[in-house]
Structures are given as structure tokens and as C-alpha cells.
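Trainee: sharing a model prediction with you, sequence too.
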Amino acid sequence: MPKLRTENFGPGDQSWLGSTHGIRNARTGIIDISTFTAGTHYPDGYLRSGTPVALVGGVYVPYDVTVGTTAGAGILAGHILTDQQVVGTADFGAPILDHGRVNVAKVAAIYTGFVKPIAAKLAATIVYI
């Protein structure tokens, strides 16, 4: 018997997008799920659309908003474009928006404490509005 599972897909909340620019060119990145915390990052089993991520060692991890962090998880690589269901502990691919326009207030509503990077070199090619 094959391993089957039922999944429900919804539209998610993409109100954090400031424009449609970049959504057709989102790149696929591997999410290192071991670096995310269930109760904090995906309390209902989904990494939310708009979650900011950093690229560390070839995989995406939670972005560290700590002021002054200039390496590793402190360099914003982009945002998860669509809600991603977390199933088990295996890493998985997800669409990453790494250029376009992003509404900072809407991301902060999803990802508590988010602030846009202070220095341009700390961000992906994203315009924060």
C-alpha cells in the first residue's frame, strides 16, 4: 500500500507583498526545518507566507533580526512566498521571494519583531515599504 496523506491548501495571507514583481521568479530553496521552532515559527503546522529567511550553509534558516548581526542568519536572503506545511523533520523545498516589494508592517504582523535590514548590504534585492 502506498503512503498516502491528505493535504489541504488555502490561499494563505500574501498581503505582505508590496507588488506582484518577483513572484513569478521566486527561487526554490531548501528549508532547514531543524532551525525553526514549532511553537514559534509554525504553531499550526505551517510556515507562514512572508516568513523572512537567511541563507546559511546552502539552506534557509530563520532570519535573525538582531541589530548588528552581519553574518549568517543576520543577512536577509528573502521571504517564504507561500504557506508551507511542515510534515515531520525532513528538510523540504519552498519558494523564496528574493526580489520585489515587501510591506514591512504586514511581515511584522506575521513574524513578530521583524524590522527591515538597516544596511542595504544586509538585504536581498527587496524594496521595503
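Mentor: Right, received. Where do you want to start? Residues are numbered from 1 along each chain as shown.
Trainee: in stretch 18-35, what's buried?
Mentor: Going by neighbour count (16 or more other Cβ atoms under 10 Å), the buried part of stretch 18-35 is Gly18, Gly22, Ala26, Gly29, Ile31, Asp32, Ile33, Thr35. For glycine as for every other residue, the C-beta is placed from the backbone atoms N, C-alpha and C.
Trainee: end to end on it, go ahead and measure it.
Mentor: 28 Å (Cα to Cα, to the nearest Å).
Trainee: re earlier: and the buried residues of stretch 18-35, which is closest to Val115?
Mentor: For those, the closest approach to Val115 (Cβ to Cβ) belongs to Gly18, at 15.9 Å.
Trainee: how about the nearest residue to the closest one once chain neighbours are set aside, secondary structure?
Mentor: Leaving aside its sequence neighbours, Gly18 sits nearest to Arg101 (Cβ to Cβ, 6 or more residues apart in numbering; 3.0 Å). Recorded secondary structure, Arg101: strand (DSSP: H, G, I helix; E, B strand; the rest coil).
Trainee: hey, what's Arg101 bridged with?
Mentor: Per DSSP bridges, the residues bridged to Arg101 are Val127.
Trainee: okay, now it: neighbour count?
Mentor: When neighbours are counted by other Cβ atoms under 10 Å, Arg101 registers 16.
Trainee: same check, this time on Gln84
Mentor: 21.
Trainee: would you map the helices across the chain?
Mentor: 38-41, 104-110 (DSSP state H).
Trainee: how about those helices in a markdown table, adding distance to Ile75 and mean pLDDT?
Mentor: Formatted as a markdown table, the helices of the chain follow (distance: least, Cβ to Cβ, whole Å; pLDDT from 0 to 100):
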| stretch | distance to Ile75 | mean pLDDT |
| --- | --- | --- |
| helix 38-41 | 18 | 88 |
| helix 104-110 | 16 | 85 |
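Trainee: could you identify which of those is most buried?
Mentor: helix 104-110 (a mean of 16; mean count of other Cβ atoms under 10 Å).
Trainee: the strands in the protein, which residues?
Mentor: 27-31, 46-47, 52-56, 59-62, 76-80, 84-85, 92-97, 99-102, 125-128 (DSSP state E).
Trainee: thanks again, I'm all set now.
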